[in-house]
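Peer 1: please find the sequence and the predicted model below.
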Amino acid sequence: MTATTITDTPRHRPLESRSAAAWLLLTPGSLFLILLFVVPIGYVLLLSFTEPKVSLDHFRRIFTTPLYTSVMINTFRTSLIVTLSCLLLGYPLAYVIARRNDAVSLIFLTLVGLSFWTGFLVRTYAWLVILGNRGPVAATFGVLGLEPPQLLFTSFSSTLGMVNILLPYMVFALLSVMKKIDPNHMRAAASLGAPPTAAFRTVFLPQSLPGVVNGSVLVFTVCLGFYVTPILLGTPRDMMISQLINQQIEELLAWGFAAALAVVLLAVTSFLMILYNRFVGLDRLWG
Amino acid sequence: MSFDASAGRAPTPVYLRLTDVVKTYDGRTNAVDGVSLDIRRGEFITFLGPSGSGKTTTLMMIAGFEALNGGSIELDGKDLARSRPYERNIGVVFQNYALFPHMTALRNIEFPLRMRHFPKSDIKKRAEQALALVGLSRFADRHPRELSGGQQQRVALARGLVFDPDLLLLDEPLGALDKNLREQMQVEIKRIHREIGITTIYVTHDQTEAMTMSDRVAVFSGGKLAQVAPPLEVYNRPANRFVGEFIGDSNFFEADVDPKRPGWVDIPAIGPVRVAEDHGRLPSQGTIDLLVRPERIKILTANDGDHMNALDMTIDALVHYGDSVLAIGTSRGRPLRMRVAGTPPAELKEGARLRVGWAPQDAHAVARS
């Protein structure tokens, strides 16, 4: 009887009305996502096999034309290089920030954060200046009496730009995992007879691997669809898939084929995410 | 070093010697301020003190995780300053266990053996022996997250012992465990200490742990050693008021020594009380602190002779512990605590006014610092 009296008090409203309130709160966000995300993607999906006529010709073309397969391969290769570069540069940086609890770590963290919050377009244009004909790199070569090499509009400059933009993502992903590693573990390892390198290899590195996976998946998937930076800093010879999509629409008005390319990109990204979710869990992507 | 003699034992060779050890973090105040201490081989010594008293910092310097700003630490006659933590042969057990989460219990215990390049055949045998020592043989293949807090602590203990270290350091190892488990682990740690006889330093802020486990207790206060002595001596004969108040419950009376009346001191507002002189701590004049433990105060009956120091106590509150009752009250306006063991007598009631007292030899006088 007591239980009934408790549930009957006005403070304990029936479950249905509470879930109704939750749905009401979810409505604006859901509407926004449906109108501006789900519908357009559905439309792209539709276009990919209905424009100009209902067929899978676009997909066949993508996977059989050497030009398009080479764009796909290049996209993956570039993304892999960018991911590995971010990892190589980001790991020591994240390690220092996570392990040192002092001004040095704060300075590095601020720098990474500043870089993160500076728009990627701004940073891309900055590279145009730095690597340009009148930029500091060319000037340095000039002072040394050397002919400056062609840096801008190469796959090097485009990769460099992407690494610069995606590095903070890698650092933050690594940091969120490294920060959770008990500092006493390294002390314990030392007291148990492990010199610093052995302690790192056997104790710290294995525990930081989830961060490595998180950061790599994040950087790799973002990189797959990168558009602005490769188009501003790179060369059309090293085209990425999103450049190809843009070209198909802007220059050839081939909406159907562009849509098919976009679907392939989406499929690959989703596949990676599904793999990640299967083995790590999507909820851990942001630490 | 002067403390070593106070333990009142036959002198045995010093194993670990701390000499004027100083540690400062900001260059102005010393976290550890000139600690000198000799520890014998096989001894179980507890560093006891409130947080920030320097006990853990001292332990970390012995382990090699913190550098000394002054003084020296010698182990078996060799200066430790020259060796890095991984070159010292010292086992450390941390408060939060610091077990490696990506290794099984057995792998954790094998870790120091692998790092020290023990022969392969030896590694597994020793690790299994160590697991058996802490009674966890069945859990060899579990990961730390699959073990309870007490089991994790046992694994940490086995890992810290498996490589036959010269010294075992325990940094508040039972702090994260609940009361029953803590007592169980205290017994366990003492048993292991007895079995392998390793020189052990145990850091805690829990006076009960210090009392029940140690051969000697080193009481830290403000980066200095306040007293180093066997537990009962620390309890019964604290070196100063800080130690007396930190360990156990206490009544402290300020008292004046009357040079013309040896054997008596005068507590203002209460009057003259008898003190036993054989403690040898009584100065010939001046002010002292007189410590009377609450359990030494008893309700006086007609049979008690007039050698007892007697006073009237008004009971304000009673705290029942089951095995004893703590009476909190006053005597002539001064706070007084009395602990009565067993079933409380009928007259012990809140608001009652009782004749209470203590024998002169049950008071302990310390000089005022």
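Peer 2: Done, it's in. None of these values were measured; they are calculated from a predicted model. Numbering: from 1, shown residues only, chains lettered A, B, ... in the order given.
Peer 1: contact residues of the stretch 51-200 of chain A facing chain B?
Peer 2: When proximity is defined as C-beta under 8 Å from any C-beta of the partner chain, the stretch 51-200 of chain A approaches chain B at A:182, A:184-185, A:187-196, A:198-199. The C-beta positions use only the backbone N, C-alpha and C, and glycine is treated the same way.
Peer 1: of these, just the buried ones, PyMOL syntax please.
Peer 2: The following PyMOL line selects those of these that are buried, judged by 16 or more other C-beta atoms under 10 Å in any protein chain shown:
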select buried, chain A and resi 182+184+185+187+188+189+190+191+192+193+194+199
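Peer 1: tell me which two of the residues of the stretch 51-200 of chain A next to chain B sit farthest apart.
Peer 2: The widest separation within those, taken as C-beta to C-beta, falls between A:182 and A:195 and amounts to 19.4 Å.
Peer 1: report the beta-bridge partners for the closest residue to chain A within the stretch 251-369 of chain B.
Peer 2: Residue nearest to chain A within the stretch 251-369 of chain B: residue B:320 (32.2 Å; C-beta to the nearest C-beta). Judged by DSSP bridges, the bridge partners of residue B:320 are residue B:325.
Peer 1: closest to residue B:293 among the residues of the stretch 51-200 of chain A next to chain B?
Peer 2: The nearest one, if we look at these relative to residue B:293 and count by C-beta to C-beta, is residue A:184, at 38.2 Å.
Peer 1: how about the closest one, nearest residue that isn't a chain neighbour?
Peer 2: Leaving aside its sequence neighbours, residue A:184 sits nearest to residue B:98 (C-beta to C-beta, 6 or more residues apart in numbering or on different chains; 4.1 Å).
Peer 1: can you check residue A:49 too?
Peer 2: Closest to residue A:49 by C-beta to C-beta, 6+ apart is residue A:56, at 5.8 Å.
Peer 1: re earlier: look up how far residue B:208 lies from the residue nearest to residue A:184.
Peer 2: Distance of residue B:98 to residue B:208, computed by C-beta to C-beta, to the nearest Å: 25 Å.
Peer 1: these two - which one has more neighbours?
Peer 2: residue B:98 (27 against 14; other C-beta atoms under 10 Å in any protein chain shown).
Peer 1: show the pLDDT at the more buried one.
Peer 2: Looking at residue B:98, its pLDDT is 94.
Peer 1: I'd guessed it sits against residue A:186; true?
Peer 2: No - under the criterion of C-beta atoms under 8 Å, residue B:98 is not in contact with residue A:186, lying 9.1 Å apart.
Peer 1: helices of the stretch 101-250 of chain A, start to end?
Peer 2: A:103-117, A:120-131, A:136-143, A:155-178, A:183-191, A:196-199, A:205-224, A:228-233, A:241-250 (DSSP state H, counting those that start in this stretch).
Peer 1: downstream of the last one, the next helix or strand is which one?
Peer 2: Counting by DSSP states H and E, the next helix or strand C-terminal to helix A:241-250 is helix A:255-279.
Peer 1: low-scoring stretches of chain B, by residue?
Peer 2: Residue ranges of chain B with pLDDT under 70: B:1-12, B:277-281, B:369.
Peer 1: outline the domain layout of it.
Peer 2: Listed by automatic domain parsing, the domain ranges of chain B are B:14-241, B:251-367.
Peer 1: and among the ones you listed, the most buried is which?
Peer 2: Per-stretch averages of neighbours, counted by mean count of other C-beta atoms under 10 Å in any protein chain shown, single out domain B:14-241 among the domains of chain B, with a mean of 19.
Peer 1: quick one: end-to-end length of that domain, please.
Peer 2: The straight-line separation of the ends of domain B:14-241 (C-alpha to C-alpha, to the nearest Å) is 29 Å.
Peer 1: a strand runs through residue B:19, doesn't it?
Peer 2: Yes - secondary structure of residue B:19 (DSSP: H, G, I helix; E, B strand; the rest coil): part of a strand.
Peer 1: quick check, it in contact with residue B:79.
Peer 2: No - counting by C-beta under 8 Å, residue B:19 stays clear of residue B:79, with 10.0 Å between them.
Peer 1: between the two, what contacts are shared?
Peer 2: Common contacts of residue B:19 and residue B:79 (C-beta atoms under 8 Å, 6 or more residues apart in numbering or on different chains): B:72, B:73.
Peer 1: need the longest helix for chain B.
Peer 2: Across chain B, the helix with the greatest residue count (assigned by DSSP state H) is helix B:179-196.
Peer 1: next SSE after the worst-scoring helix or strand of chain A on mean pLDDT?
Peer 2: Sorting the helices and strands of chain A by mean pLDDT, DSSP states H and E puts helix A:2-8 at the bottom, at a mean of 44. Per DSSP H and E, the first helix or strand lying C-terminal to helix A:2-8 is helix A:15-33.
Peer 1: rebuild the helices of the stretch 101-250 of chain A as CSV, extending it with mean pLDDT and distance to residue B:174.
Peer 2: As requested, these are arranged in CSV below (pLDDT from 0 to 100; distance: least, C-beta to C-beta, whole Å):
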stretch, mean pLDDT, distance to residue B:174
helix A:103-117, 92, 33
helix A:120-131, 90, 52
helix A:136-143, 89, 61
helix A:155-178, 94, 29
helix A:183-191, 94, 16
helix A:196-199, 95, 26
helix A:205-224, 92, 25
helix A:228-233, 90, 56
helix A:241-250, 91, 59
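Peer 1: does any part of the next helix or strand after the longest helix of chain B sit near chain A?
Peer 2: Scanning forward in sequence from helix B:179-196 by DSSP H and E, the next helix or strand is strand B:200-204. No - Strand B:200-204 lies out of reach of chain A by C-beta under 8 Å from any C-beta, never closer than 13.0 Å.
Peer 1: and the helices of the stretch 101-250 of chain A as CSV, adding distance to residue B:286?
Peer 2: What follows is those, written out as CSV (distance: least, C-beta to C-beta, whole Å):
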stretch, distance to residue B:286
helix A:103-117, 51
helix A:120-131, 76
helix A:136-143, 78
helix A:155-178, 59
helix A:183-191, 48
helix A:196-199, 56
helix A:205-224, 61
helix A:228-233, 82
helix A:241-250, 89
